[in-house]
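Undergrad: The following block contains a protein sequence and its predicted model.
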Amino acid sequence: MEESHQLNTPHTKMRRRKTTNSVVQVNGNYLKLKAGYLFPEISRRVKAFSDANPGTELIRLGIGDVTEPLPEACREAMKAAVDAMGTTAGFHGYGPEQGYNWLREAIARQDFQARGCQVSAEEIFVSDGSKCDSSNILDILGEGNRIAVTDPVYPVYVDSNVMAGRTGEAQEDGCYEGLTYLAINAANNFEAQLPDQAVDLIYLCFPNNPTGAVANRKQLERWVNFAREHKALILFDAAYEAFIQDPELPHSIYEIEGARECAIEFRSFSKNAGFTGTRCAYTVVPKGLTGKAANGEDVELWKLWNRRQSTKFNGVSYIVQRGAEAVYSAAGQAQVKALVSFYMENAAIIRGELTTLGLTVYGGEHAPYVWIKTPEGIDSWGFFDQLLERAHVVGTPGSGFGAAGEGYFRLSAFNSRANVQAAMGRIAAL
Ligand code: MLT
C-alpha cells in the first residue's frame, strides 16, 4: 500500500487516504491525446481568470451552446409525455433502441422525403447526440481505414479516432500521424481539396464547424463522386443544417445522387430546437450501404450499427422523443424557425460589428459561427487571452480546432441579443 500522491493543499489533505495502485492496464491511446479537449481547456482558463478576478462579468461566445428557451411546442409535448408516464396506460419503459417509430417517421418524411431524399424511417437511428454518434460510429469501422479530416475540424472527429487507436502519435504541430489533414482556409475559400492520397473515411461537416462555411450542390457532388470512385465512406455531420439561409443550398448529403452508396449522416436537435441540455439527435445509415469484411465480403453497415445500438444503447427517453417529435408539428416548425432566425441575427450583428472594426470575418451567413482572422501579429490563444482579459469576452481559439486554425478565432452566435451587443461594444472599446 502506498500513500496517494495528491497535492498537499488543505482540501486534499483532509481527503488523503491510502490507495492501492491498480495493475489494470489503461487504454494507452488516451495518453496520445494532446492537452485537454478544447472546451474543457477553455473552461479551465476562464475559471482561472474568474478566480483571479472575482465579480468580473464574462460574456461567453465560446462553446456553441444555445441560450434561448426551448420551443413551446416541445415543452408542451414533453409535459404531456410526463403526465402520460404518470398513468398505467401511458407509462413507457425501455423504448426501441433505434427510437420510436412515430419520431423516425416524422424525421424521414419532413427532413428527407420533403427534400426529395430517399430516406426511410427504418434508416433513422435516434440517439442522445451527434457528438456521441460521430464517435461511436468507429465501433463498426475497421482499424485499418485511412482517415481524412479537414483542418481546422470539430475536435471530436480527431480525438475519437485517437482514443480508438486509429492514429499514431501527435506530432510537434499537434497533428496526428496516420491522419490525412485537408486544409481549409481563406486561400482555398474554406473548401477542402480532394485528398491526393487514398483515404477510406472522410469526415465532412456542413454548415461547417468551426469556419461557418457552407457547401453548395456542386461541392458536395465532388465529394460524393470522389467517395464512390474510391469506395470511401463519408461521415457527414449536418448538425447545423437548419441555419442554411439560401434555399438553393443542400441540407443533406442525400440530396446528392449516389450519396446513399457512400455516406452516413449525423443530425441533431441541439442547435435548431435548443436541445443541447435535453439531448436528442439521430444518425442516418442507408440500407444497402456496405463496407468490407476482412475476407472481402460486403457487409451492410446498417446491420452493424443496428447491432451496436441494440447492444450498447437503450434509446432516448420517451419524454424527450415526444419533445423532438413536436419539432415537426406546424407550431414547432414555426418556433424553430424563429429560434434559428434569432441566432442568425446575432451572427449578422457579430459579422457587421467586427467588419466595421476592420477585422476580416468569414462564416456566420449560413451557420451560427463567425470565423475571424486574428489581427496581424496575434495568434489564436493570444487573441483569446486579450478578449478574455481586456473585454471579458470568451471565444474559441482557431488553433484549438487544428494546426491550420492558427491565426483564426471563432465566435458563436448562441447568446442573448443583449449579451451579443454588449460583447461587440466591449470589443469595439478595446
Ligand atoms: C462547439 O462549440 O463546437 C459545439 O458546441 C460543440 C458540440 O456541439 O459538441
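TA: Perfect, thanks for sending it.
Undergrad: What about Leu304, how many residues nearby?
TA: When neighbours are defined as other C-beta atoms under 10 Å, Leu304 has 17 of them. C-beta coordinates here come from the backbone N, C-alpha and C atoms, glycine included.
Undergrad: Okay, and it sits in which element?
TA: Assigned by DSSP states H and E, Leu304 falls within helix 301-312.
Undergrad: avg pLDDT for the very next helix or strand once past that helix?
TA: Tracing the chain C-terminally past helix 301-312 and defining elements by DSSP H and E, one meets helix 318-325 next. Regarding helix 318-325, the rounded mean pLDDT is 98.
Undergrad: Helix or strand next in line after helix 318-325, which one?
TA: Moving on from helix 318-325 towards the C-terminus, the next helix or strand you reach (DSSP H and E) is helix 330-356.
Undergrad: circling back: dump the helix holding Leu304 to CSV, keeping only the CA atoms.
TA: Presented in CSV, the C-alpha positions along helix 301-312 are these (Å, rounded to 0.1, in the frame of the first residue of the first chain):
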residue,chain,number,x,y,z
LEU,A,301,-23.3,-1.0,-42.2
TRP,A,302,-27.0,-0.7,-41.2
LYS,A,303,-26.9,-4.2,-39.7
LEU,A,304,-23.7,-3.4,-37.7
TRP,A,305,-25.0,-0.1,-36.4
ASN,A,306,-28.3,-1.6,-35.5
ARG,A,307,-26.4,-4.4,-33.6
ARG,A,308,-24.2,-1.8,-31.9
GLN,A,309,-27.0,0.4,-30.8
SER,A,310,-29.1,-2.6,-29.6
THR,A,311,-26.2,-3.8,-27.5
LYS,A,312,-24.7,-0.6,-26.2
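Undergrad: Tell me which residue of the protein lies closest to the ligand.
TA: Relative to the ligand, the nearest point of the chain is Gly64 (3.2 Å; C-beta to the nearest ligand atom).
Undergrad: what are the bridge partners for the closest residue to that residue other than its chain neighbours, then?
TA: If the residues on either side of it in the chain are set aside, Gly64 comes closest to Ser412, at 4.5 Å by C-beta to C-beta, 6 or more residues apart in numbering. The bridge-partner assignment for Ser412, based on DSSP bridges, gives Tyr369.
Undergrad: how close does Ser412 sit to Glu389?
TA: Using C-beta to C-beta, to the nearest Å, one obtains 19 Å as the distance from Ser412 to Glu389.
Undergrad: which of the two has more neighbours?
TA: Ser412 (29 against 12).
Undergrad: List the residues that contact that one.
TA: With contacts taken as C-beta atoms under 8 Å, 6 or more residues apart in numbering, Ser412 has the following neighbours: Leu61, Gly62, Ile63, Gly64, Asp65, Pro368, Tyr369, Gly395, Thr396.
Undergrad: in the protein, what spans have low per-residue confidence?
TA: Residues of the chain that meet the criterion pLDDT under 70 lie in 1-18, 35-37.
Undergrad: repeat that with 50
TA: Residues of the chain meeting the criterion pLDDT under 50: 1-13.
Undergrad: tell me the domain ranges of it?
TA: 34-69+332-429, 73-329 (automatic domain parsing).
Undergrad: End to end on the first one, go ahead and measure it.
TA: Counting by C-alpha to C-alpha, to the nearest Å, the length from the leading to the trailing residue of domain 34-69+332-429 is 35 Å.
Undergrad: The stretch 1-150 of the chain against the ligand: which residues are in contact?
TA: Those residues of the stretch 1-150 of the chain that sit near the ligand, judged by C-beta under 6 Å from any ligand atom, are Ile63, Gly64, Asp65, Lys131.
Undergrad: Please repeat the previous calculation with a cut-off of 8 Å.
TA: Along the stretch 1-150 of the chain, the residues adjacent to the ligand under the rule C-beta under 8 Å from any ligand atom are Leu38, Phe39, Gly62, Ile63, Gly64, Asp65, Gly129, Ser130, Lys131.
Undergrad: if we can go back for a sec, residues in contact with the residue of the chain closest to the ligand?
TA: Under the criterion of C-beta under 8 Å, 6+ apart, the neighbours of Gly64 are Asn209, Lys271, Pro368, Tyr369, Ser412, Phe414.
Undergrad: so the second one is in which element?
TA: Taking DSSP H and E as the criterion, Lys271 maps to no regular element, lying outside all helices and strands.
Undergrad: Can you get me a residue count around it?
TA: Neighbourhood size, Lys271 [other C-beta under 10 Å]: 25.
Undergrad: Check Gly296 too.
TA: Gly296 sits with 6 neighbouring residues when counted by other C-beta under 10 Å.
Undergrad: That one belongs to a strand?
TA: No. Gly296: not assigned to a strand; according to DSSP: H, G, I helix; E, B strand; the rest coil it is coil.
Undergrad: contacting residues around it?
TA: Contacts for Gly296 (C-beta under 8 Å, 6+ apart) come out as none.
Undergrad: Can you list phi and psi of Asp173 for me?
TA: When read as degrees, to the nearest 10, the backbone of Asp173 gives phi -80, psi 10.
Undergrad: what about stretch 128-137, distance to the chain center?
TA: Taking the mean of its C-alpha atoms, stretch 128-137 sits 9 Å from the chain's own mean (C-alpha atoms, centre = their mean, to the nearest Å).
Undergrad: all numbers from here: first residue = 18
TA: Happy to do that; since the first residue is 18 now, the last one works out to stretch 145-154.
Undergrad: Redo the contacts of Gly81 as CSV? Include distance to the ligand.
TA: Compiled in CSV, those are given as follows (distance: C-beta to the nearest ligand atom, whole Å):
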residue, distance to the ligand
Asn226, 5
Lys288, 7
Pro385, 9
Tyr386, 8
Ser429, 6
Phe431, 8
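Undergrad: which one of those residues sits closest to Leu218?
TA: Using C-beta to C-beta, Asn226 is the member of the contacts of Gly81 that lies nearest Leu218, at 18.4 Å.
Undergrad: what about that closest one, neighbour count?
TA: Other residues close to Asn226 by other C-beta under 10 Å number 26.
Undergrad: repeat for Gly308
TA: By other C-beta under 10 Å, the burial measure for Gly308, its neighbour count, is 18.
Undergrad: what packs against whichever helix or strand it is part of?
TA: Using DSSP H and E, the element containing Gly308 is strand 307-309. Packing contacts for strand 307-309, counted by 3 or more C-beta pairs under 8 Å, 6 or more residues apart in numbering; DSSP states H and E, involve strand 315-317, helix 318-329.
Undergrad: hmm, who's touching the longest one?
TA: Outside helix 318-329, the residues that touch it by C-beta under 8 Å, 6+ apart are 114-115, 140, 142, 144, 153-154, 156-157, 250, 281, 300, 302-308.
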